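*Asks:* quick one: sequence plus predicted model below, questions after.
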Amino acid sequence: MSEEFKVEIVNPEKSFLVKDDVSEVVVPAFEGEMGILKDHISIISFLKPGIIKILSKSGDENYYVEDGIVEFKNNNLSILTSTIFNLADMDKSKKQDLLKQAEEEANKTDINDQSKYLADQKVEVLKTLN
Amino acid sequence: MASLDDLKKRIASVKSTQKITKAMKMVAAAKLRRAQESAEKGRPYSEKMNNVILNLSNGISDKENAPKLLSGTGHDKTHLCVVMTSDRGLCGGFNSNIIKKAKSYFAKILDEGKELKIITVGSKGNDQLKRVYGDKIIENISFKESKNANYFDADKVGKMVIEKFEASEFDVCTIFYNQFKNVITQIPQAQQIIPLNNEGEENSSEESYEFEPDEDEILSNLLPKNISTQIFKAMLENSASEQGSRMSAMDNATRNAGEMVDKLTIEYNRSRQAAITKELIEIISGAESL
C-alpha cells in the first residue's frame, strides 16, 4: 500500500500547488508544528507564520506562509492561505523586504496581543531565513 | 437635404467612431480572457473556504454562543449594502443592472421601516446612487489605480465591513455584484454575508473533525477571512462581467456604426447622382432651346 496522499494549496488568486505523491507535510499550526502523514484523522486547524515542508517522491519543497487554514480529510490535505512564497523563489532582497514589513508591524503599539504574537512569529521565522 | 459636403463629414465621423468602438471591443476581449481566467482560478479558494465553514458550523456545539458574524446580532434593524460597480463606463447595462437590483432592495428595506446604510465600491455606482440615496452612503471606495482585482483590495473592504459590524453599526450586510455567466449574460446578485446564510445547503459530511485549537476559536478567526474572500469573489466575478458586458456593448456599437455608414453612403451616392442628373438636364434643355 502506498503511503502517499494528496495535497492542495490554494490562495485567493489561484490554485497554487497540487501534488498527489506526498509522503509527509509539516505545517506550522497555531499550537505548534504538526506533521501530517497518510491516514491522519480529519482535522481543521489554522496556521501561524512559518514554513510548510512538503516531502514527496518528486523532491522536497519548502514554502513560507503567513497565515492560513489547513483541512485534512480522506487523505486530502487542503491548505488555504493568502500569503505564500516558495522558498526556492525567494531571493535575499525579498526576504529582507518581508522582514522589514514584519518588524514594522511588530513594533506597532496599537495592536492587540494576538496580532502582536503573529507579527513576532513572522519576524522570528524571517530572521532564521535571512 | 444635407449637402454633399455635410454627408461626407458625417460618414468620416461615424467611421472614426466605429474605429474606436472596434478597438475598445478588442481590448475588452483581451481583458475578458484574463479576468475570466482569474475568476475561475479564484473559485476553488472560496468554495473550500465555504466548505470548511460549513463543516465547522455544523460541528459547533453551542449555537447560542456562536460568533456574531455567523449567527447575527439577533435583530435586523440596520442593513448595510455593499454595492460593487465598475470605475469606468461604456460597458452596456453592467452598472445599471446592479443599481436596479440594489435600488429595488433599498426600497423594500425602507418600506419595512428599517435603516439603510450603503457602501459603494467603484465610482460609477456612487455616481448613480448619490442622487437618490446620497444621505445613506457612508463610504465610497474606488480602486482606480489597481489594474486587476486583487485580494489586498478585497481585504481592505472586508476589514472595513467587519470594523463597522463590531462597532454595531449594522445588523445585516448584503453585497451586490454581477455574476459572470457568459459574455452576453451577467446576472446581478444580492448575497448576504453577515450573518452567514447557510440555509438550504446540505450537510455534506457526517464526519467529525478534530479541531486545534477549539472550533469557536477557529471559527472566529475564519469568519472575518471568509468575508474578505466573499468580497474578493464578487470582485473577480464583477471584473469578468464588466469586460464581458463592455465587449458585447462595443460589438453592438461597431455593428450599428457600420449600418449607419452604409445608410449614409447610399444617401451620399444618391444625392451625388441627383446633382449630376440635374446638371445634365440643364445642359440638354439649354442645348434644345437653341
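*Replies:* Cool, the structure landed. Note that the coordinates shown come from a computational prediction; the quantities given were computed from them, not determined experimentally.

*Asks:* please make it C-alpha for all contacts and neighbour counts, starting now.
*Replies:* Fine.

*Asks:* now stretch B:213-227 - C-alpha only, CSV.
*Replies:* This file holds the C-alpha atoms of stretch B:213-227, laid out as CSV (Å, rounded to 0.1, in the frame of the first residue of the first chain):
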residue,chain,number,x,y,z
PRO,B,213,-7.5,24.9,18.8
ASP,B,214,-11.2,24.5,19.5
GLU,B,215,-13.8,25.2,17.0
ASP,B,216,-15.0,28.5,18.4
GLU,B,217,-11.6,30.0,18.1
ILE,B,218,-11.1,28.7,14.6
LEU,B,219,-14.5,30.0,13.6
SER,B,220,-13.9,33.4,15.0
ASN,B,221,-10.7,33.6,13.0
LEU,B,222,-12.1,32.2,9.9
LEU,B,223,-15.3,34.2,9.6
PRO,B,224,-13.6,37.6,9.0
LYS,B,225,-11.4,35.9,6.4
ASN,B,226,-14.5,34.5,4.8
ILE,B,227,-16.0,38.0,4.4
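
*Asks:* and that stretch, anywhere near chain A?
*Replies:* Yes - against chain A, stretch B:213-227 shows contacts by CA under 8 Å from any CA of the partner chain at B:Pro213, B:Ile218.

*Asks:* residues of that stretch that come out buried?
*Replies:* Neighbour counts using 16 or more other CA atoms under 10 Å in any protein chain shown place B:Glu215, B:Asp216, B:Ile218, B:Leu219, B:Leu222, B:Leu223, B:Pro224, B:Lys225, B:Asn226, B:Ile227 of stretch B:213-227 among the buried residues.

*Asks:* what about it, distance to the chain center?
*Replies:* From the chain centre to the centre of stretch B:213-227 is a distance of 29 Å (CA atoms, centre = their mean, to the nearest Å).

*Asks:* what do you get for stretch B:172-180?
*Replies:* Counting by CA atoms, centre = their mean, stretch B:172-180 is centred 9 Å from the centre of its parent chain.

*Asks:* poorly predicted segments of the chain, please.
*Replies:* Reading this off chain A. Chain A contains residues with pLDDT under 70 at A:1-2, A:130.

*Asks:* hm, I was asking about chain B
*Replies:* Low-confidence segments of chain B (pLDDT under 70): B:1, B:59-65, B:197-207.

*Asks:* quick one, helices of it?
*Replies:* Secondary structure of chain B (DSSP state H): helices at B:4-59, B:68-71, B:94-111, B:123-133, B:151-166, B:215-288.

*Asks:* now chain A
*Replies:* Counting by DSSP H, the helices of chain A are A:92-107, A:113-129.

*Asks:* buried deepest among the ones you listed, which one?
*Replies:* Most buried of those by mean neighbour count (mean count of other CA atoms under 10 Å in any protein chain shown) is helix A:113-129; its value is a mean of 16.

*Asks:* for that one, name the packing helices and strands.
*Replies:* Applying 3 or more CA pairs under 8 Å, 6 or more residues apart in numbering or on different chains; DSSP states H and E, we find helix A:113-129 packed against strand A:50-56, helix A:92-107.

*Asks:* what sits up against the first one?
*Replies:* When you say that, I think you mean strand A:50-56. Applying CA atoms under 8 Å, 6 or more residues apart in numbering or on different chains, the contact partners of strand A:50-56 are A:21-28, A:60-66, A:121-122, A:125.

*Asks:* give me the sheet partners of that strand and which way each runs.
*Replies:* Paired with strand A:50-56 in the same sheet, following DSSP bridges, are strand A:15-29 (antiparallel), strand A:61-65 (antiparallel).

*Asks:* B:Ser123 is nearest to which of these?
*Replies:* With CA to CA as the criterion, B:Ser123 lies closest to strand A:15-29 of the strands paired with strand A:50-56, at 30.8 Å.

*Asks:* what comes up buried for the closest one?
*Replies:* Neighbour counts over strand A:15-29 (16+ other CA under 10 Å) mark A:Ser15, A:Phe16, A:Asp21, A:Val22, A:Ser23, A:Glu24, A:Val25, A:Val26, A:Val27, A:Pro28, A:Ala29 as buried.

*Asks:* now, which of those residues sits nearest B:Glu37?
*Replies:* Ranked by distance to B:Glu37 (CA to CA), the buried residues of strand A:15-29 are led by A:Ser15 at 11.7 Å.

*Asks:* give me every residue that touches the closest one.
*Replies:* Contact analysis of A:Ser15 by CA under 8 Å, 6+ apart lists A:Glu8, A:Ile9, B:Lys41, B:Gly42, B:Pro44, B:Tyr45.

*Asks:* ok, the residue lying closest to the third one once chain neighbours are set aside - contacts?
*Replies:* By the measure of CA to CA, 6 or more residues apart in numbering or on different chains, the closest residue to B:Lys41 outside its immediate chain neighbours is A:Lys14, 4.5 Å from it. Each residue near A:Lys14 by CA under 8 Å, 6+ apart is listed here: B:Ser38, B:Lys41, B:Gly42, B:Arg43, B:Pro44, B:Tyr45.

*Asks:* now the residues you listed as CSV including neighbour count and distance to A:Asn107?
*Replies:* Formatted as CSV, the contacts of A:Lys14 follow (neighbours: other CA atoms under 10 Å in any protein chain shown; distance: CA to CA, whole Å):
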residue, neighbour count, distance to A:Asn107
B:Ser38, 22, 36
B:Lys41, 18, 36
B:Gly42, 22, 33
B:Arg43, 20, 36
B:Pro44, 18, 35
B:Tyr45, 25, 32
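
*Asks:* in stretch A:3-16, what's buried?
*Replies:* Going by 16+ other CA under 10 Å, stretch A:3-16 has these buried residues: A:4-16.

*Asks:* and the furthest pair within those?
*Replies:* Within these, two members stand farthest from each other by CA to CA: A:Glu4 and A:Glu13, at 27.1 Å.

*Asks:* how many neighbours does B:Gln273 have?
*Replies:* Counted with other CA atoms under 10 Å in any protein chain shown, the neighbours of B:Gln273 add up to 12.

*Asks:* same thing with B:Lys100?
*Replies:* B:Lys100 has 12 neighbours, counted by other CA under 10 Å.

*Asks:* including distance to B:Lys100, could the contacts of A:Lys14 go into a markdown table?
*Replies:* Formatted as a markdown table, the contacts of A:Lys14 follow (distance: CA to CA, whole Å):
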| residue | distance to B:Lys100 |
| --- | --- |
| B:Ser38 | 27 |
| B:Lys41 | 29 |
| B:Gly42 | 27 |
| B:Arg43 | 26 |
| B:Pro44 | 30 |
| B:Tyr45 | 30 |
